[in-house]
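Asker: Compute the structure for the input listed below.
(chains A and B)
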Amino acid sequence: MAVAIANTLLEEYRLQWQELFNASQPDFSIRLAALDAFLEKGFPTTKQEDWRYTNLAPIVKEHYLPQAKLTNFSGSFGHFGIPANRLVFINGTYAPEFSEILDSSILTIEPFQLSENDFYLTDNFNLLNRAFANNGLLITIKKGQALQYPILLILQYSDDTGRALVNNSNRIVAEENSQAHIIEFHQYGESPVFNNTLTTVSLGQSANISYQKVQAQVQNQVQVHQLYAQLARQSVFTANAFDFGGRVVRNNVRIDLNGEHAEVHLNGLYAMGDKAHIDNHLNVNHFAPNCHSNQLYKGLINDNATGVFNGRIFVAKDAQKTNAFQSNKNILLSDAANITSKPQLEIFADDVKCSHGSTTGQMDKQALFYLQARGLDKQQATALLNVAFAGEIIDRVTIEPLREWLVQSLNNSMGNAN
Amino acid sequence: MLTIKGLRAGIDGKEILKGFDLEIKAGEVHAIMGPNGSGKSTLANVLAGREDYQVTAGSIQYKDHDLLEMAPEDRARAGIFLAFQYPVEIPGVSIANFMKAALNEKRKYEGLEPLDAVSFLKLMREKMKVVEMDDSLIKRAVNEGFSGGEKKRNEIFQMAMLEPSLSILDETDSGLDIDALRIVANGVNKLKTNDNACLVITHYQRLLDYIVPDYVHVLYNGRIVKSGTKELALELEEKGYDWIKQATKEATI
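Answerer: Numbers count the residues shown, from 1 in each chain, chains lettered A, B, ... in the order given. Sure, this is the predicted structure:
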């Protein structure tokens, strides 16, 4: 029975696709190939090792459909009160009327086209994205330039989409020796949306990019987010992922260290209550020698929420002198809260330094009492300790108004609005 | 200020205080001495309101409050301060933020407006001098990586900030070298007024060379078995606790 429903849904996807794309489009055949490959695979099930702990079946049954047309939006956007190179996308489509580029001489944007030469991953959601994503941008930071203002990608979902499947796709190219801060901000409306977002970042030699993913009003939303970064020689990439709830959030991060002396720092904070489910799958590939990777993911899990952390480090045979570290720390704030934490090390080089560690504990009762004995009530004390635990990640964000927003969001997600 | 009557309390179902009585008036310094396991720390924890301890009988009157009815934070706001035997390390919470939250809670309880940033900073600087605390410590996380002496100084600094009516010093001398002991004790003495009171809990007499008590009580087996003046502390230092234990045993027989 379940199979029959799914098949019908996939047929609807094909019909929808046929409405959206026609043979006159230059990347028609590439999209068609991706569509066929996706329809062959369908949505992942918990029988797939990578999806064992995240069950999408109930969501798939609810019939989220790709959008046939752009819906209108007349609301306002969160800005964190900072001047920024603001690029707004409404339900996946670039909206120039809401956008503004401040660093115009050193930052260019253009619609991206799929190409036969693209390197892309062939898992379910990448194929789905490749088949459907439209009207995203290719964003280029020019060689040797440091952006004065951050790039703020606002992915806005409107109130009137119904159960939409939105495929976002943006590519960022940081040319040799360029520098930028990027914030990718997903902001939801009233409608429950399933967004399948692909952000690729390509770092040229000695480029230095910091990227943060944040989401607001995420309660009933579903997100599969893919961050794929390729690092050339001596480049440095920092990616911070912040998730404060969501019906299901799945972050797939894949980092390819392709050039010597490249460096990646992956930090994540997931803080949630109710029945939220947040799954972080990290995949760091050391393909070149002398590279450095560092992963620090922290979770605060309350109520009936569940978390998943899966961190894979791959060190190729030639990637000697690799430094690769991974740490996952969790606090379970209720008896029903749950975390599955799984490191995966695959090391084929013999001269490497790799370490990983995972801890899961409860709120420190001694610390709670210490704070209470100084006049803070239990809720205040808990909030302070939560922020302290999360601070190790939040403090890595260098944009002050964003940090403040993150602390606020953390408190809200933990039921401590103040 | 504080009247404890017939207090019975324990932890994990084991009774430790077995009918404890004590009366402390404003302006007084009381010392409680006793061998290990006599119930000193239980007393401190029960007064501060630690939930792990169960009170099975007796009463504690603090000013016009029934103390046992109060949550730990309300006791603190009402002026009870416990200087911890083992101050807790709290990574990620700066001393400044911690004290700001604590002080403003107390002020709210007293019907006062929160202190503005400038006044707060000024107050902190002033109070740090009380325990000769280094300025750089205020930005550090609470007790994280502090030496034993720094932790105890930090306790007395917090006491100076919160200006409690009743301070309970739980083995504040443990782990202190002689210089740190002097600084900590001087801090406590500077905070002394006719309106506040201090309960010094200690195993050894040496702290009482610096913080001179008005009364000394010997706690043994969950009860006060002997009370006196500061000379009693000296006697204990000289003779140890065995004669007290012996005397108690004989009295029981």
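
Asker: Residue of the stretch 251-400 of chain A nearest chain B, please.
Answerer: Residue nearest to chain B within the stretch 251-400 of chain A: A:A388 (2.9 Å; Cβ to the nearest Cβ). Backbone N, C-alpha and C define where each C-beta goes, glycine included.

Asker: show me the contacts for that residue.
Answerer: Taking Cβ atoms under 8 Å, 6 or more residues apart in numbering or on different chains, we find A:A388 in contact with B:90-93, B:141.

Asker: how about a cut-off of 10 Å?
Answerer: With contact taken as Cβ atoms under 10 Å, 6 or more residues apart in numbering or on different chains, A:A388 is in contact with A:364, A:367, B:90-94, B:97-98, B:141-142.

Asker: Pull out the buried positions in the helix or strand harbouring it.
Answerer: Assigned by DSSP states H and E, A:A388 belongs to helix A:378-394. Neighbour counts over helix A:378-394 (16 or more other Cβ atoms under 10 Å in any protein chain shown) mark A:380-394 as buried.

Asker: Run through the strands of the stretch 101-250 of chain A in chain order.
Answerer: Taking DSSP state E, counting those that start in this stretch as the test, the strands found in the stretch 101-250 of chain A are A:107-111, A:137-141, A:151-156, A:164-174, A:179-187, A:193-203, A:208-216, A:222-231, A:236-243, A:248-257.

Asker: got the ones you listed as JSON lines, with mean pLDDT columns?
Answerer: Putting the strands of the stretch 101-250 of chain A into JSON lines (pLDDT from 0 to 100) gives the following:
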{"stretch": "strand A:107-111", "mean pLDDT": "95"}
{"stretch": "strand A:137-141", "mean pLDDT": "97"}
{"stretch": "strand A:151-156", "mean pLDDT": "95"}
{"stretch": "strand A:164-174", "mean pLDDT": "95"}
{"stretch": "strand A:179-187", "mean pLDDT": "96"}
{"stretch": "strand A:193-203", "mean pLDDT": "96"}
{"stretch": "strand A:208-216", "mean pLDDT": "95"}
{"stretch": "strand A:222-231", "mean pLDDT": "97"}
{"stretch": "strand A:236-243", "mean pLDDT": "97"}
{"stretch": "strand A:248-257", "mean pLDDT": "97"}
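
Asker: out of those strands, which comes closest to B:E51?
Answerer: When the strands of the stretch 101-250 of chain A are compared by Cβ to Cβ, strand A:236-243 sits nearest B:E51, at 32.9 Å.

Asker: Is there contact, residue-wise, from that closest one to chain B?
Answerer: No. Contact of strand A:236-243 with chain B is not found when judged by Cβ under 10 Å from any Cβ of the partner chain; the minimum separation is 16.5 Å.

Asker: in whichever helix or strand comes after the helix holding A:A388, what's buried?
Answerer: Later in the chain than helix A:378-394, the nearest helix or strand by DSSP H and E is helix A:400-413. Applying a neighbour-count criterion of 16+ other Cβ under 10 Å, one finds A:402-403, A:405-407, A:409-413 buried in helix A:400-413.

Asker: Report the contact partners of A:I182.
Answerer: By Cβ under 10 Å, 6+ apart, the contact set of A:I182 is A:84-85, A:87, A:139, A:141, A:147, A:150-153, A:170, A:172, A:174, A:199, A:201, A:209-213, A:239.

Asker: State the distance from it to A:P150.
Answerer: Separation of A:I182 from A:P150 (Cβ to Cβ, to the nearest Å): 7 Å.

Asker: what touches both of the two?
Answerer: Common neighbours of A:I182 and A:P150 (Cβ under 10 Å, 6+ apart) are A:84-85, A:210-212.

Asker: which ones among those residues come in contact with chain B?
Answerer: Applying Cβ under 10 Å from any Cβ to these, none is adjacent to chain B.

Asker: which intervals of chain B have sub-threshold pLDDT?
Answerer: B:251-253 (pLDDT under 70).

Asker: now the closest residue to chain A within chain B, what's its secondary structure?
Answerer: Nearest residue of chain B to chain A, counting by Cβ to the nearest Cβ: B:G92, 2.9 Å away. Following DSSP: H, G, I helix; E, B strand; the rest coil, the label given to B:G92 is strand.

Asker: Count the neighbours of it for me.
Answerer: When neighbours are defined as other Cβ atoms under 10 Å in any protein chain shown, B:G92 has 19 of them.

Asker: Same check on the one 5 residues further on?
Answerer: One way to gauge burial is a neighbour count; for B:N97, by other Cβ under 10 Å, it gives 17.

Asker: likewise B:I156?
Answerer: 26.

Asker: need the contact list for it.
Answerer: B:81, B:83, B:127, B:130-131, B:133, B:167, B:169, B:172, B:183-188, B:190-191.

Asker: Help me confirm that it is found in a strand?
Answerer: No. Per three-state DSSP, B:I156 lies outside any strand segment and is helix.

Asker: Skipping its backbone neighbours, what lies nearest it in space?
Answerer: B:G187 (4.2 Å; Cβ to Cβ, 6 or more residues apart in numbering or on different chains).

Asker: for chain A, what are the nearby residues on the stretch 101-250 of chain B?
Answerer: Applying Cβ under 10 Å from any Cβ, we find that the stretch 101-250 of chain B lies next to chain A at B:101-109, B:141-143, B:158, B:161-162.

Asker: out of those residues, who has the most neighbours?
Answerer: Neighbour counts for those, by other Cβ under 10 Å, peak at B:V142, which reaches 28 neighbours.

Asker: Go ahead and confirm that residue touches B:F84.
Answerer: No. Look at B:V142 against B:F84 with Cβ atoms under 10 Å: they stay out of range, at 11.4 Å.

Asker: Can you pull the residues that touch both of those two?
Answerer: A:370, B:151, B:154, B:158.

Asker: Going by distance to B:T202, which of these wins?
Answerer: Of the shared contacts of B:V142 and B:F84, the one sitting nearest to B:T202 (Cβ to Cβ) turns out to be B:K151, at 16.6 Å.

Asker: Just the C-alphas of the host helix or strand of that closest one, formatted as PDB.
Answerer: Using DSSP H and E, B:K151 maps to helix B:148-162. Only the C-alpha atoms of helix B:148-162 are listed here, as PDB (Å, rounded to 0.1, in the frame of the first residue of the first chain):
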ATOM      1  CA  GLY B 148      41.800  26.700  45.200                       C
ATOM      2  CA  GLY B 149      42.600  30.100  46.600                       C
ATOM      3  CA  GLU B 150      41.000  32.000  43.600                       C
ATOM      4  CA  LYS B 151      37.800  30.000  44.000                       C
ATOM      5  CA  LYS B 152      37.500  30.900  47.700                       C
ATOM      6  CA  ARG B 153      38.300  34.500  47.000                       C
ATOM      7  CA  ASN B 154      35.600  34.500  44.300                       C
ATOM      8  CA  GLU B 155      33.100  33.200  46.900                       C
ATOM      9  CA  ILE B 156      33.900  36.100  49.300                       C
ATOM     10  CA  PHE B 157      33.800  38.500  46.400                       C
ATOM     11  CA  GLN B 158      30.300  37.300  45.600                       C
ATOM     12  CA  MET B 159      29.400  37.700  49.200                       C
ATOM     13  CA  ALA B 160      30.600  41.300  49.100                       C
ATOM     14  CA  MET B 161      28.500  41.900  46.000                       C
ATOM     15  CA  LEU B 162      25.300  40.500  47.400                       C
END
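
Asker: next SSE after that helix?
Answerer: strand B:166-170.
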